[in-house]
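**Q** Provided below for reference: sequence and predicted model.
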Amino acid sequence: MGSWVTLTALQQPFAVVLEGVGETDARHFLESWQWCEAREVAVAPEGATIIRASVQDASVRRAVAIGAAATAAAAAEAAAATAAADPDTAKGAAASAATAVAAAADTAAADSDVGELTGAAETAEQRATAPTYRALADQLSGLITRLAIDARRAELLMFHAGGVADPATGDVIAFVGPSGRGKTTASIALGKVFEYVTDETLAVQDDLGVLAYGKPLSVKQPPPEYYKDQVSPSELGLNAPSGALRLVGVVMLDRQPGHEGAPSIRPVSVAESVEELVPQISYLPERQKPLRRLVQVLAACGGLRAVTYSEAATLPEVFARLFAEARAAGHGSGALVRGAGVGAGDVDARGALGAREVDARGAARANVVDDRGAAGAPGAAAGAAAAAEPAAAAPAAAAPPATAENTDTSDEELLRAEYADAVRDGESMIVLSGTTVRVLGGIAPTIIEAVELAPRSRRQLVNAVVEVHGDPGEGLAEGLVGAAVGELVEIGLLAVVGRGVGRDE
């Protein structure tokens, strides 16, 4: 009989029963999660997500699979005998045999892999098995985090990030980065000077309040050990948060082993960092106007910055300066503001969507990033964290010649917006459609803004582009706008909605 441990993650209750785990390891699990209110209980509390976790060596799992297969074989044999003796009951017996075979297949599949996790995120009970306690503890850390993220995905802005707080103010700086970037090492170095908030998921509320998630830190071990040790923040000598927390800064970690001297800090635009930033945000499209909200949060924190450094030991001095700057500027307080204003440029031969072109699917000329991010990337079990590979930039396309196909100036065909959200970032525009984020340049942002409130005709779009970017003359505006509209329709950001006499604006 296993012992129950209850804990909270991102304010979600969990109850974990450990089976096949020795007393020392069970005590370690309890202590490593103490900052998440872990405690032993006799009965799992109502409403908690149940996780049944067990250590099973390979021989036990093989025995379970073999036993299930034998049960299925026996059921099939009985069904065959029944069919021969009594055809009227053969259908029921065959159905029972089929169920047994299916169950055996499921059991064999579940027990054939090390560290099998079963149960969908939406169910109340999960299972985890592993060959050793270290492997089990590593898997439980990830599973609990993913389930908590899934539960809060429509309520919080969640960065795949570490975070520390200023003990004097509760101000929090998040440091974002994909797995392997050094978040845990940075969390240890910074958490001994400031207050440790999390090394994995930094959850931000609508008022910029931050939920502390003091999970055990996942510390890599020397090869060939695959699984990480789960170490209590207390064991590492980290400082616990002492009050309410509020986000005042967001930085991207850029660890460069060859970097010399003190860490450097530089501002980065959202458009510039989207390929790296968006995959580190869990379930970005789950909320209303998520891009605008993201830009508002970053603006309220003084904008996004990148910190380039070599060793984590050099970070505390930099973060002390960042905290001081945030206090002086009043970051994290007051009303949230929208992002950067509109930038203008001339229509030229850079092509319909600007010089930054990526042909990821043979059609779209935009930087494409899957935005399901840290908790929902394709192919990741239960929304495991994953980072997208940056797409390679294609050469800039020349402006297409004016032809009958791309110079349609009819005011009858109306086009409307088909995207979920869009926000300006300087001269670029970041657009969310489905689960894809694109960065548009050139004249495309002007076209997107023109259709934001109501459908527009092609002539109206040409007029809008000329008003902002100027008229290139020689009838080129119609061709350029026609080409841009064609691409935007092809990638699903615009749609033809019908015909009606338009009004030039």
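**A** Received it, and whenever you're ready, just let me know what you need. Residues are numbered from 1 along each chain as shown.
**Q** Can you list the buried residues in stretch 186-204?
**A** 186-191, 194-204 (16 or more other Cβ atoms under 10 Å). Yep, even glycine has a C-beta here, placed from its N, CA and C like the rest.
**Q** quick one, phi psi at M252?
**A** The phi and psi values for M252, taken as degrees, to the nearest 10, are phi -100, psi 130.
**Q** so who does it touch?
**A** Each residue near M252 by Cβ atoms under 8 Å, 6 or more residues apart in numbering is listed here: 175-177, 268, 273, 276-277, 304-307.
**Q** what's the answer for A320, then?
**A** Applying Cβ under 8 Å, 6+ apart, the residues near A320 are V193.
**Q** Over to it. Which of the three states is it?
**A** helix (DSSP: H, G, I helix; E, B strand; the rest coil).
**Q** Out of the buried residues of stretch 186-204, which sit inside strands?
**A** 195-198, 201-204 (DSSP state E).
**Q** neighbours of F323, just the number please.
**A** 23 (other Cβ atoms under 10 Å).
**Q** Apart from its neighbours in sequence, what residue is nearest it?
**A** D166 (4.6 Å; Cβ to Cβ, 6 or more residues apart in numbering).
**Q** what about the one you found, how many residues close to it?
**A** 21.
**Q** try P131
**A** 17.
**Q** Phi, psi for it please.
**A** phi -80, psi -20.
**Q** Just to check, it is in contact with V55?
**A** Yes: counting by Cβ atoms under 8 Å, P131 touches V55, with 7.1 Å between them.
**Q** one step back: what sits against the residue nearest to F323?
**A** Here D166 is in contact with 172, 194-195, 323, 327 (Cβ under 8 Å, 6+ apart).
**Q** Please identify which of the ones in strands among the buried residues of stretch 186-204 is nearest to E155.
**A** Proximity of these to E155 (Cβ to Cβ) peaks at A203, which lies at 8.8 Å.
**Q** hang on, isn't the closest one packed against L157?
**A** Yes: using Cβ under 8 Å, A203 makes contact with L157 at a distance of 7.5 Å.
**Q** Skipping its backbone neighbours, what lies nearest Y227 in space?
**A** D138 (4.2 Å).
**Q** which strands and helices sit next to the helix or strand where that neighbour lies?
**A** Using DSSP states H and E, D138 maps to helix 133-152. For helix 133-152, the packing partners by 3 or more Cβ pairs under 8 Å, 6 or more residues apart in numbering; DSSP states H and E come out as strand 3-9, strand 12-19, helix 23-32, strand 49-55, strand 125-130, strand 201-204, strand 229-231, helix 373-376.
**Q** one more time with 6 Å
**A** strand 12-19, strand 49-55, strand 125-130 (3 or more Cβ pairs under 6 Å, 6 or more residues apart in numbering; DSSP states H and E).
**Q** Give me the angle between the last one and strand 49-55.
**A** Compare the direction of strand 125-130 with that of strand 49-55 by axes from the mean of the first three to the mean of the last three Cα atoms, to 10 degrees and you get 20 degrees.
**Q** circling back: the contacts of M252 in helices, which ones?
**A** Those of the contacts of M252 mapping onto helices are 273, 276-277, per DSSP state H.
**Q** Now do the helices in the stretch 201-350 of the chain.
**A** Per DSSP state H, counting those that start in this stretch, the stretch 201-350 of the chain carries helices over the ranges 270-277, 290-300, 315-329.
**Q** looking at those, which is closest to A148?
**A** Between the helices of the stretch 201-350 of the chain, helix 290-300 lies closest to A148; by Cβ to Cβ that is 19.2 Å.
**Q** just checking, what packs against that closest one?
**A** strand 421-425.
**Q** Can I get the very next helix or strand once past the strand it packs on in PDB? Just the C-alpha atoms.
**A** Past strand 421-425, further along toward the C-terminus, the next helix or strand under DSSP H and E is strand 428-433. This file holds the C-alpha atoms of strand 428-433, laid out as PDB (Å, rounded to 0.1, in the frame of the first residue of the first chain):
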ATOM      1  CA  SER A 428       6.400  44.600 -38.600                       C
ATOM      2  CA  MET A 429       3.100  43.000 -37.600                       C
ATOM      3  CA  ILE A 430       2.700  39.800 -35.600                       C
ATOM      4  CA  VAL A 431      -0.400  37.800 -36.600                       C
ATOM      5  CA  LEU A 432      -2.000  34.800 -34.900                       C
ATOM      6  CA  SER A 433      -4.100  32.400 -37.000                       C
END
